[in-house]
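**Student:** no sequence for this one, just the structure:
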C-alpha cells in the first residue's frame, strides 16, 4: 500500500487502495456490462490484470491514486475509481 492511498469509508461504500488481490472481484463486478456501456471497462481477466497493474504503476509513480470500491451493505467489490494528477 502507498502513503498516497489511505482507505476511505462511509456507511455506503469503502474505498480500498487498489491491489492485485482485487482482480477477481473486479472481474465479477464487470460481468454485467449493461451498467457501464460507455465506460472503458476491461472485458476479461487478462485485461483486468493489465488495468490493475497500470493503476498500481501510476500510484507508485505518484501519477494517480486508484481504489477498489466496496459496497459496505453487501461486502462486494462493485468497481474501481482513480484520482489522477494532471
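**Tutor:** Noted; the coordinates are in hand. It should be emphasised that the depicted structure is a prediction, and the values quoted were computed from it without experimental measurement.

**Student:** all contacts plus neighbour counts: C-alpha atoms, from now on.
**Tutor:** Fine.

**Student:** Who are the contact partners of residue 30?
**Tutor:** 41, 42, 43, 79 (C-alpha atoms under 8 Å, 6 or more residues apart in numbering).

**Student:** hmm, which of those residues are the buried ones?
**Tutor:** Among the contacts of residue 30, those classed as buried by 16 or more other C-alpha atoms under 10 Å are 41, 42, 79.

**Student:** Any chance of TSV for those, columns secondary structure?
**Tutor:** Shown next, in TSV, are those (DSSP: H, G, I helix; E, B strand; the rest coil):
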residue	secondary structure
41	coil
42	coil
79	strand
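
**Student:** Could you find the lowest-pLDDT member of those residues?
**Tutor:** Ranked by pLDDT, the buried ones among the contacts of residue 30 bottom out at residue 41, which scores 90.

**Student:** Name the nearest residue to it, sequence neighbours excluded.
**Tutor:** residue 30 (7.2 Å; C-alpha to C-alpha, 6 or more residues apart in numbering).
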